[in-house]
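1. 3D model of this:
(chains A and B)
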Amino acid sequence: MLLLLFKIIFALLALSAVFTVWNKKQKTLLGPKATFFWIVLWLVITLVVFWPNSTQILAEYVGIGRGVDLVIYISIACLFYLVFKMNIKIEGLKRDLTNVVRKESLKEK
Amino acid sequence: MFIAIVPAYNEEKRIAKVVSDLLKSVDSVIVIDDKSSDNTIEEAKKSGARVLQHKINLGQGAALETGHEYARSIGADYVLHFDGDGQFCVEDIAPALKNLKESKADILFGSRFLDNRSKVPFLKKYFLLPIGRFINKLFGVVSLKDSQNGFRILNRNALEKIKITQNGMAHATEIMGLTRKHNLNYVEFPVKVIYHEYGQGIGGGVKIVKDLFLGKFLK
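-> Below is the predicted model of the structure:
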């Protein structure tokens, strides 16, 4: 009973997250790739909550012992990728900032 | 026209002498102040330099490129990269420029290892610089004896082609990479370096590698 309640609460949370993502897309705060990524991520998490064995099936298919290990490996890979993407974004912003500062300094010549 | 580009950050004690010495060897000195918190700007102006100011501290590479843009805009024939802390000797400038012209190269790189005048710290000479040379090889740049020397002279051709995007100390490797990319003729020339500070340590080296790696993913 408690498990079912948890699943229902989680489903509502996931639905609200997907709704938020979609709203951001409508306001052009998110691009198509990011929208796709976040919606798929929430759907996959929901799938795992409702059918925990699904990770086990996939884990066995790719040769990893336990489903939970597969989830951890994928999470770590995703986090590394996100940190990398953020670093690239920061570097790009630094270059834009440099160009602005440079233009200002050359105006004073 | 031969101009010296001098990036400076909190160099009020040394910049005046550097500028006045440089003015004996070049036509004009451009000091790029990288948001110093001391009197670098006033000292540089008093000693006869033209000063460009960064409103935010960006790094030596960014300051050099600001100097490049200025040099391009006034049609400079040769530009000299010269540190603002007085670690280089002005006596090296005239023979270096002569060497660049005679060898018909586009860019001259200063080197601490072509004579015995520089007292390079042991750890730097036998540990950090060989690692630097290895990293430069990984990034496919021109092969130099001294991988991190800030003394350079560029002719107009090199000035037009070398556009520095690395704000920090990774610009040294980037310049070597752009020399290879644009197939520029280069030459190494012995210069004396006087150490006032230790300079780049291991942490600085790691940051250079990180900056070069991330730079590969940006246009």
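
2. helices and strands of chain B: which one bottoms out on pLDDT?
-> helix B:122-123 (a mean of 76; mean pLDDT, DSSP states H and E).

3. chain center to that one: distance?
-> Chain-centre distance of helix B:122-123: 22 Å, with Cα atoms, centre = their mean, to the nearest Å.

4. now swap in stretch B:176-188 and tell me
-> 15 Å.

5. Give the other helices and strands that the least confident helix or strand of chain B contacts.
-> Using 3 or more Cβ pairs under 8 Å, 6 or more residues apart in numbering or on different chains; DSSP states H and E, no helix or strand is in contact with helix B:122-123. Where you see a C-beta, it was placed from the backbone N, CA and C, and this is true even at glycine.

6. Quick check: next helix or strand after it?
-> helix B:129-138 (DSSP states H and E).

7. how far out from the middle of the chain is that next one?
-> With Cα atoms, centre = their mean, you get 18 Å for helix B:129-138.

8. Could you list the buried residues of it?
-> B:129, B:132-133, B:135-136 (16 or more other Cβ atoms under 10 Å in any protein chain shown).

9. Okay, the residue minimising distance to the centre of chain A and residue A:25: tell me how far apart.
-> What sits nearest the mean C-alpha location of chain A, by Cα atoms, centre = their mean, is residue A:38, with 5.1 Å. Note on residue A:38: its distance to residue A:25, by Cβ to Cβ, to the nearest Å, is 9 Å.

10. Cross-check the buried residues of helix B:129-138 against chain A and keep the overlap.
-> When contact is defined as Cβ under 8 Å from any Cβ of the partner chain, these do not meet chain A at all.

11. Where do the helices of chain B begin and end?
-> B:15-22, B:40-46, B:60-74, B:93-102, B:122-123, B:129-138, B:156-161, B:171-181, B:202-215 (DSSP state H).

12. who wins for proximity to residue A:29 among those?
-> Closest to residue A:29 of the helices of chain B is helix B:202-215 (Cβ to Cβ; 25.0 Å).

13. what is the orientation angle of the closest one with helix B:171-181?
-> Going by axes from the mean of the first three to the mean of the last three Cα atoms, to 10 degrees, helix B:202-215 is angled at 40 degrees with respect to helix B:171-181.

14. by contact count, what packs against helix B:202-215?
-> So helix B:202-215, by 3+ Cβ pairs under 8 Å, 6+ apart, packs with helix A:67-107, helix B:129-138, helix B:171-181.

15. Quick check: buried residues in it?
-> So for helix B:202-215, counting by 16+ other Cβ under 10 Å, buried means B:205, B:208-209, B:211-212, B:214-215.

16. Just name the closest of these to chain A, please.
-> Nearest to chain A among the buried residues of helix B:202-215 is residue B:214, at 4.9 Å by Cβ to the nearest Cβ.

17. Residue B:214 - nearest residue in space that isn't next to it in sequence?
-> residue A:91 (4.9 Å; Cβ to Cβ, 6 or more residues apart in numbering or on different chains).

18. Now the spatially most central residue of chain B: closest residue in space that isn't a chain neighbour?
-> For chain B, the residue sitting closest to the mean C-alpha position, by Cα atoms, centre = their mean, is residue B:150 at 3.2 Å. Among residues not flanking residue B:150 along the chain, residue B:83 sits closest, at 4.9 Å (Cβ to Cβ, 6+ apart).

19. Averaged pLDDT, the helix or strand hosting residue A:4. What do you get?
-> Residue A:4 belongs to helix A:2-26 when assigned by DSSP H and E. For helix A:2-26, the per-residue pLDDT values average out at 91.

20. now do stretch A:54-71
-> 84.

21. How about stretch B:161-173?
-> 93.

22. Now that stretch: buried residues?
-> By neighbour count on 16+ other Cβ under 10 Å, the buried set for stretch B:161-173 is B:161-162, B:164-173.

23. ok, the residue nearest to the centre of chain A to residue A:29 distance?
-> Note on residue A:38: its distance to residue A:29, by Cβ to Cβ, is 12 Å.

24. repeat for residue A:19
-> 14 Å.

25. count of neighbours near residue 51?
-> Here I'm looking at chain A. Look at residue A:51: counted by other Cβ atoms under 10 Å in any protein chain shown, it has 11 neighbours.

26. that's the wrong chain, I meant chain B
-> Neighbours around residue B:51, by other Cβ under 10 Å: 22.

27. List the residues that contact it.
-> B:30-33, B:41, B:44-45 (Cβ atoms under 8 Å, 6 or more residues apart in numbering or on different chains).

28. swap in residue B:103?
-> B:185, B:187.

29. circling back to that earlier point, can you redo the contacts of residue B:51 as JSON lines with distance to chain A, pLDDT and neighbour count?
-> Shown next, in JSON lines, are the contacts of residue B:51 (distance: Cβ to the nearest Cβ, whole Å; pLDDT from 0 to 100; neighbours: other Cβ atoms under 10 Å in any protein chain shown):
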{"residue": "B:30", "distance to chain A": "9", "pLDDT": "97", "neighbour count": "26"}
{"residue": "B:31", "distance to chain A": "11", "pLDDT": "97", "neighbour count": "30"}
{"residue": "B:32", "distance to chain A": "7", "pLDDT": "97", "neighbour count": "29"}
{"residue": "B:33", "distance to chain A": "9", "pLDDT": "97", "neighbour count": "27"}
{"residue": "B:41", "distance to chain A": "11", "pLDDT": "96", "neighbour count": "18"}
{"residue": "B:44", "distance to chain A": "14", "pLDDT": "96", "neighbour count": "27"}
{"residue": "B:45", "distance to chain A": "12", "pLDDT": "96", "neighbour count": "17"}
